[in-house]
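Student: Whatever this is, show me its structure:
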Amino acid sequence: MPKFLLKRWHGMHVYWLFALLLVLILTISCFVWQLGVVALVVCGVLAYYTFRAERAFRQDLTHYVSTLSHRVKKAGSDVIHELPVGILLYNEEKTIEWHNPFVARMLGKDTLIGEPLLEQFPGLKNRKEKELKLELTLDKHIYEVQIKPEERLLYFTDITILRTLQLRNEEDQIAMGIVMMDNLDEATQGLDDQTRSIMMAKVTGEITEWAQKHQIYIRRTASDRYFLVADHKGLKKLEQSRFEILDEVRDITIENKLPMTLSIGIASGAGSLIELGLWTQTSLDMALGRGGDQAAVKVGERLSFYGGRTNAIEKRTRVRARVISHALRDLIKESDNVIIMGHKMPDMDSIGAAIGVLKMAHVSNKEGYIVIEGVNPSILKLMEAIYEDEKLNRWFITPEQAIQITTSRSLAVIVDTHRATMTSEPRVLQLTQRKVVIDHHRRSEEFIQDATLVYMEPYASSTCELVTELLPYFDERLTMGVLEATALLAGIVVDTKSFSLRTGARTFEAASYLRRNGADSSLIQRLLKEDLDHYIKKSEIIKNAVVIFDHVALAVTEPGRKYSQLIIAQVADTLLTMTGIMASFVISERPDGLIGISARSLGQMNVQLVMERMGGGGHLTNAATQLEGTVAEATQRLKQILNQMHAEEGLFE
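Tutor: Residues are numbered from 1 along each chain as shown. Reported below is the predicted structural model:
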């Protein structure tokens, strides 16, 4: 305890002692006055010394307080001047009023007092009103700025070393990948051993040279597969080069009947090596599921695609179709019932494929139901024919009915889509663990991950083609009704534009099988007829079409005019038939208030990549999206994306 406090403690007790002495002296004086006088003199002497002690105490206290205040002020001043944090005060006119030496050293000046704040720190101009923390870069240094608007006070902290370490840590993260020759058997079929060896040597040399160029460790793990390891910095360079190895391998094998194509899956940023390995395989599956000849890169939550500019190569073996058919047959037999769903507002391909799966369920003596929500105008005539067929009509149900009859042992079969959000009733997928996906679209980022069986073939013309190929292997005794076979064939006809697009040998084989089973081509013509008003509406949109990039037709409807998605899609198909047009885009407001965009191409341009950048998806030659906003905003955004893609790698092959 300080000395003056001890004195103060003692002084307080003396005051009490004096009070007691006075009382005692008064008491004694009443009996012996001489003794009282002596006691009073003694008390006076004591009072004199007590007064001096009190005076000394107050002097000590004043000196201590003044010394401590000076020390505190000096320490505060030293801290403000020596602290490695910048402090700056400004007035209401945003003029600098005061700053500590750290701020002056930041800009290499003696003083900033009186200078405009925004001229010295232009990075503050774009600050949002509620933004109280931001980063500024000054002379190769990065500063974190904390803003206190009420006090008009700024704090600057140098975080250059922190950001440098973070960047170095990010660049040193491991990137793992798999490179796969996705059509090795098809590309080398019919080649003699010598020619095959020469071609493989060329491809292997090209891949090895590419890996060395980008400082990638690569190891061949199978005849058609390579494993690679790189760092995140190297992965960024690969993305900047847009994986030119895809084009290089295709170009050196172009003289073959079928050029060699690669599929690449790469991942980085996972929490563990096990998770990173799973991400890598998922990325490769995504690249293969989208048709191959492309790279899928997953970095954290981001998933990017590069390449994918060619059509998927048609597989020449039916082994997979047979295996899938037998597996599907077993799943159906083990299930309580079969719930079949296409996408919302189903088209001819979706309904036809669903009817094909329904036939499989009934052949297996299981109840099958087709869930339908909303009727697309393009299938009105087909639905009318179905409603007139009592045997077929009874198996079509609403989403509410589907939820009531779905059990944990029900089998949900999703056709013509692989996105849960696009199905007729997504809640059905949550009620059962048994799911099958049959689709011909290129795989997108959203996918039904826990599907028991997946049959996705982007090379196929339609989902109806895939389902038709499964039917002969499902049951040799399977026979179809006229309407069932016709619905499947109609789906193929619509998606191939009467066998003019995305048509391979297996497409005609599937059509031939359906004709043998009673498909009626004249009935298809009646189902696909359009009325005069519909044709006039299409003509109104076509008259506004313009040609951009020499071979791209763009039709934008007039403000306030609304057209159905069906008309928008049909106009895009019609524009594709014009001379010199390789791709078409149609933009219009829909009756539901959204902006619909339909995109089509002849194969030289991947319109799926364009629509994916706008939040949609689809197929290499057939894609679409729906946006909020106005027609003008959608048109401007589409043109920006087309300009960007044209600058990056060109729109056409």
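
Student: Can you list the residue ranges for strands in the stretch 301-450 of the chain?
Tutor: 302-307, 338-341, 368-371, 396-397, 411-415, 434-439 (DSSP state E, counting those that start in this stretch).

Student: And the fifth one, what does it pack against?
Tutor: When contacts are defined as 3 or more C-beta pairs under 8 Å, 6 or more residues apart in numbering; DSSP states H and E, strand 411-415 packs onto strand 338-341, helix 348-363, helix 427-431, strand 434-439. Bear in mind the C-beta positions are built from the backbone N, C-alpha and C, glycine included.

Student: The stretch 551-653 of the chain: helices as residue ranges?
Tutor: Counting by DSSP state H, counting those that start in this stretch, the stretch 551-653 of the chain has helices at residues 565-575, 607-613, 631-648.

Student: still on that earlier bit, could I get the strands of the stretch 301-450 of the chain as TSV with mean neighbour count and mean pLDDT?
Tutor: Output for these, formatted as TSV (neighbours: other C-beta atoms under 10 Å; pLDDT from 0 to 100):
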stretch	mean neighbour count	mean pLDDT
strand 302-307	18	83
strand 338-341	29	96
strand 368-371	24	95
strand 396-397	19	94
strand 411-415	29	95
strand 434-439	24	93
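
Student: Looking at those, spot the one closest to Leu470.
Tutor: Distance to Leu470, taken as C-beta to C-beta, is lowest for strand 434-439 among the strands of the stretch 301-450 of the chain, at 8.0 Å.

Student: hmm, who's touching the helix or strand just after the closest one?
Tutor: Tracing the chain C-terminally past strand 434-439 and defining elements by DSSP states H and E, one meets strand 453-456 next. Applying C-beta atoms under 8 Å, 6 or more residues apart in numbering, the contact partners of strand 453-456 are 289, 320, 324, 327-328, 331, 418, 435-441, 443, 466, 470.

Student: List the strands paired with strand 453-456, with their directions.
Tutor: With DSSP bridges as the test, strand 453-456 is paired with strand 434-439 (parallel).

Student: thinking in terms of the whole chain, how far from its middle is the strand it pairs with?
Tutor: 23 Å (C-alpha atoms, centre = their mean, to the nearest Å).

Student: Quick check: which element contains the nearest residue to Gly352 once chain neighbours are set aside?
Tutor: Take Gly352 and drop its neighbours on the chain: the residue closest to it by C-beta to C-beta, 6 or more residues apart in numbering is Gly491, 3.2 Å away. Assigned by DSSP H and E, Gly491 belongs to helix 482-495.

Student: The helices and strands packed on strand 411-415: which one's closest to Ser241?
Tutor: strand 434-439 (31.4 Å).

Student: Out of the strands of the stretch 301-450 of the chain, flag the one nearest Gln215.
Tutor: Across the strands of the stretch 301-450 of the chain, closest to Gln215 is strand 302-307 (C-beta to C-beta), at 18.9 Å.

Student: on that earlier part again, out of the helices and strands packed on strand 411-415, which gets nearest to Ile397?
Tutor: Nearest to Ile397, of all the helices and strands packed on strand 411-415, is strand 338-341, at 8.6 Å by C-beta to C-beta.

Student: Against which helices or strands is the closest one packed?
Tutor: Under the contact definition 3+ C-beta pairs under 8 Å, 6+ apart, strand 338-341 sits against helix 348-363, strand 368-371, helix 399-405, strand 411-415.

Student: Pop the domain breakdown of the protein in here.
Tutor: The chain breaks down by automatic domain parsing into domains covering 3-81, 85-163, 172-307, 319-527, 533-648.

Student: Find the one among the ones you listed with the highest mean neighbour count.
Tutor: Highest mean neighbour count among these (mean count of other C-beta atoms under 10 Å): domain 319-527, with a mean of 20.

Student: for Met360, what are its contacts?
Tutor: Listed by C-beta under 8 Å, 6+ apart, the contact set of Met360 reads Leu328, Arg329, Ile332, Gly368, Leu470, Leu471, Phe474, Asp475, Leu478.

Student: before we move on, what about Lys233?
Tutor: Lys233 makes contacts with Glu171, Asp172, as judged by C-beta under 8 Å, 6+ apart.

Student: Just to be sure, it is in a strand?
Tutor: No: if the criterion is DSSP: H, G, I helix; E, B strand; the rest coil, then Lys233 is helix and not within a strand.

Student: Now do the same for it: its pLDDT.
Tutor: As predicted, Lys233 sits at a pLDDT of 86.

Student: what's the answer for Met176, then?
Tutor: So Met176 comes in at 95 (pLDDT).

Student: can you tell me which residues contact it?
Tutor: By C-beta under 8 Å, 6+ apart, Met176 lies in contact with Phe227, Leu228, Val229, Ile266, Ala267, Ser268, Leu276, Gly277, Trp279, Thr280.

Student: Let's have the residues you listed in TSV, adding distance to Lys298.
Tutor: Listed next are those as TSV, based on distance: C-beta to C-beta, whole Å:
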residue	distance to Lys298
Phe227	16
Leu228	15
Val229	15
Ile266	7
Ala267	5
Ser268	8
Leu276	10
Gly277	12
Trp279	5
Thr280	8
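
Student: Between these, which sits nearest Gly177?
Tutor: Closest to Gly177, out of all of the contacts of Met176 and judged by C-beta to C-beta, is Ile266, at 3.7 Å.

Student: Just the CA trace of the helix or strand containing Arg196, in CSV.
Tutor: Per DSSP H and E, Arg196 falls inside helix 193-213. Only the C-alpha atoms of helix 193-213 are listed here, as CSV (Å, rounded to 0.1, in the frame of the first residue of the first chain):
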residue,chain,number,x,y,z
ASP,A,193,-2.0,-53.4,-84.6
GLN,A,194,0.7,-51.2,-86.1
THR,A,195,-1.7,-48.3,-86.9
ARG,A,196,-3.2,-48.6,-83.4
SER,A,197,0.2,-48.5,-81.8
ILE,A,198,1.3,-45.5,-83.7
MET,A,199,-1.9,-43.6,-82.8
MET,A,200,-1.6,-44.5,-79.1
ALA,A,201,2.0,-43.4,-79.1
LYS,A,202,1.0,-40.0,-80.6
VAL,A,203,-1.7,-39.5,-78.0
THR,A,204,0.5,-40.6,-75.1
GLY,A,205,3.3,-38.3,-76.3
GLU,A,206,0.9,-35.4,-76.5
ILE,A,207,-0.5,-36.0,-73.0
THR,A,208,3.0,-36.4,-71.5
GLU,A,209,4.3,-33.2,-73.2
TRP,A,210,1.2,-31.3,-72.0
ALA,A,211,1.9,-32.5,-68.4
GLN,A,212,5.5,-31.4,-68.5
LYS,A,213,4.6,-28.1,-70.0
